[in-house]
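Student: Provided below are the primary sequence and the corresponding predicted coordinates.
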Protein chains: 2
Amino acid sequence: MPDFFHDRKLYYTPIEFAIAHIGGTWKMPILWRLQNNVLRFSELKKDIPHITDKMLTSQLKELESKGLIHRTVYPEVPPKVEYNITEKGKKAIPVIEVIMKYGYDLIKEAGIEYPPLK
Amino acid sequence: MPDFFHDRKLYYTPIEFAIAHIGGTWKMPILWRLQNNVLRFSELKKDIPHITDKMLTSQLKELESKGLIHRTVYPEVPPKVEYNITEKGKKAIPVIEVIMKYGYDLIKEAGIEYPPLK
DNA sequence: AATGTAAGTAACGTATAAGTTATTTATTAC
DNA sequence: GTAATAAATAACTTATACGTTACTTACATT
């Protein structure tokens, strides 16, 4: 398991590389919502509780820079910007699904009351 | 998707809860190595490149406190401590596998030279 | 002229994760 | 009596993630 460089950053493992793409508090919630919908900045903001403008902006930028989503600007006033998932981004969806289900299992095991999946 | 409290911490989503269990730089590499082996502290240290004593200690403690691994102390000098995965911990293995495979895919897509999985 | 709008940016502060270096312990081996 | 050993711990520093508040833009509406 050698280390490797990418984009001026050193990675130790494939896991670390994967987390660099979909990790952090907000990237998975964003990708999850874009899996079947093209959404505007304001719609994402509404859909994702607690997210701030700053975090939404920065996480969208990171996802775009890694090619998981695409950003379309409509030159209107007030601005209109739409975000859609890319083919590359779609490959993250099953991964997110597995993590989400694991989270639900843990919640259940911990005896936390929570609306069930599906 | 309501928020919930657990262990005096507020979680926003099942994903966040899952990551609290297996996230961070070192927890997955540790669990992965314990999936089929009972290992001593020093063996884990040898097996996991770049990990420091401090991080190994703290991450083992967190994994133990969440019930994913078990710690056995043999009252000898010098000390002997063994770590093994629990039934609860085993449930994380398929999740880690999916993330790892996703990492390998991303590495391949990025054109990084890397020894292939399997 | 003032107000509202969508999609941000900037400056700043806080919290958590992770890394670095030195020290501890009890016993056996030299 | 000094050194080696395994498994840590403690004090400290650095880096990164995340949050808070205020501000910007260009046009349309009132």
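Tutor: Sure thing, it's come through. Numbers count the residues shown, from 1 in each chain, chains lettered A, B, ... in the order given.

Student: Starting from residue A:10, give me the distance back to the residue nearest the centre of chain A.
Tutor: Note on chain A: the residue nearest the mean C-alpha position is residue A:27, at 2.5 Å, using Cα atoms, centre = their mean. For residue A:27, the distance to residue A:10 equals 21 Å [Cβ to Cβ, to the nearest Å]. C-beta: built from backbone N, CA, C; applies to glycine.

Student: What of residue A:30?
Tutor: With distances taken as Cβ to Cβ, residue A:30 is found 26 Å from residue A:10.

Student: Can you get me a residue count around residue A:2?
Tutor: Using other Cβ atoms under 10 Å in any protein chain shown, residue A:2 is surrounded by 10 other residues.

Student: Help me confirm that residue A:60 comes into contact with residue A:33.
Tutor: No: between residue A:60 and residue A:33 there is no contact under Cβ atoms under 8 Å: 11.5 Å.

Student: DNA strand D contacts on chain A?
Tutor: For chain A, the contact set with DNA strand D under Cβ under 7 Å from any atom of the strand comprises A:24, A:25, A:26, A:50, A:51, A:52, A:53, A:54, A:55, A:77, A:78, A:79.

Student: Please tell me which one of these counts the most neighbours.
Tutor: Ranked by neighbour count (other Cβ under 10 Å), the residues of chain A next to DNA strand D have residue A:26 at the top, with 24 neighbours.

Student: any weak-confidence spans in chain A?
Tutor: Applying pLDDT under 70 to chain A picks out residues A:1, A:118.

Student: sorry, back to before: which neighbours do residue A:60 and residue A:33 share?
Tutor: With contacts defined as Cβ atoms under 8 Å, 6 or more residues apart in numbering or on different chains, the residues shared by residue A:60 and residue A:33 are residue A:44.

Student: With neighbour numbers in mind, choose between these two.
Tutor: residue A:60 (21 against 16).

Student: Find the nearest non-adjacent residue to the more buried one, please.
Tutor: residue A:83 (6.3 Å; Cβ to Cβ, 6 or more residues apart in numbering or on different chains).
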